[in-house]
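K.L.:
I'd like to go over a predicted model; first the sequence, then the structure.
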Amino acid sequence: MNTLYITQSGRVLINENGEVQDYKTSVESIRNISLLKEDTKVVCNFGFAERVVDAKAGDIVVTFYTEEFPNPIIVVNSPEWKENIETFNKNRQQEKEKWA
C-alpha cells in the first residue's frame, strides 16, 4: 500500500516498494463552500451549466469556478468537514465578540 505524507510544506508519496515519489494535488477551482443549516433545494445556474439538487441539513455544497467540470456543484456529506466548518465559524464568532 502507498503512504502519502502531508505536511505544512508539501507532500510526498512512498509507494509500496518504498520508493519516494512526488505527489501533485488535484485541480480544485473551488468557488465556495456552504454548510447547510436545514434541508434545502439548491438551484445552480452559472450560464454555462444548470443543476438542481436536494440537500439535507448538515450537507456541504461545493461550487466550482470553471465550466470544465461536468458538475458545477456537488453535495458532500462529511461529518469531519462539517465539524471543521462549525469549529471555524465558532472561533470567528468568539473573536468578533472579544473585539466588540
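P.N.:
Now that the structure is in, tell me what you want to look at. A quick note: this is a predicted structure, and the numbers were derived from the prediction, not measured.
K.L.:
so where do the strands sit in the protein?
P.N.:
Along the chain, the stretches classed as strands by DSSP state E are 3-7, 10-14, 20-22, 30-35, 40-45, 50-55, 60-64, 73-76.
K.L.:
Parallel or antiparallel, which strands does the third one pair with?
P.N.:
Taking DSSP bridges as the criterion, strand 20-22 pairs within the sheet with strand 10-14 (antiparallel).
K.L.:
quick one: the strand it pairs with to strand 3-7, angle?
P.N.:
For strand 10-14 against strand 3-7, the angle by axes from the mean of the first three to the mean of the last three CA atoms, to 10 degrees is 170 degrees.
K.L.:
what's next to strand 10-14, contact-wise?
P.N.:
Here strand 10-14 makes contact (CB atoms under 8 Å, 6 or more residues apart in numbering) with 2-5, 20-23, 25. Any C-beta I mention is one placed from the backbone N, CA and C, and that applies to glycine too.
K.L.:
make it 6 Å
P.N.:
Applying CB atoms under 6 Å, 6 or more residues apart in numbering, the external contacts of strand 10-14 come out as 2-5, 20-21, 23.
K.L.:
Could you give the number of residues near the closest residue to residue 82 other than its chain neighbours?
P.N.:
Leaving out its chain neighbours, the residue that sits closest to residue 82 by CB to CB, 6 or more residues apart in numbering is residue 58, at 5.6 Å. Residue 58 is flanked by 15 other residues according to other CB atoms under 10 Å.
K.L.:
quick revisit: right, and the strands of the chain - which one's nearest residue 98?
P.N.:
Nearest to residue 98, of all these, is strand 30-35, at 23.0 Å by CB to CB.
K.L.:
Partner strands of that closest one, with direction?
P.N.:
Assessed with DSSP bridges, strand 30-35 is paired to strand 60-64 (antiparallel).
K.L.:
Near the closest residue to residue 41 other than its chain neighbours, how many other residues are there?
P.N.:
Counting by CB to CB, 6+ apart, the nearest residue to residue 41 once its immediate chain neighbours are dropped is residue 54, at 5.6 Å. Residues near residue 54, counting by other CB under 10 Å, number 10.
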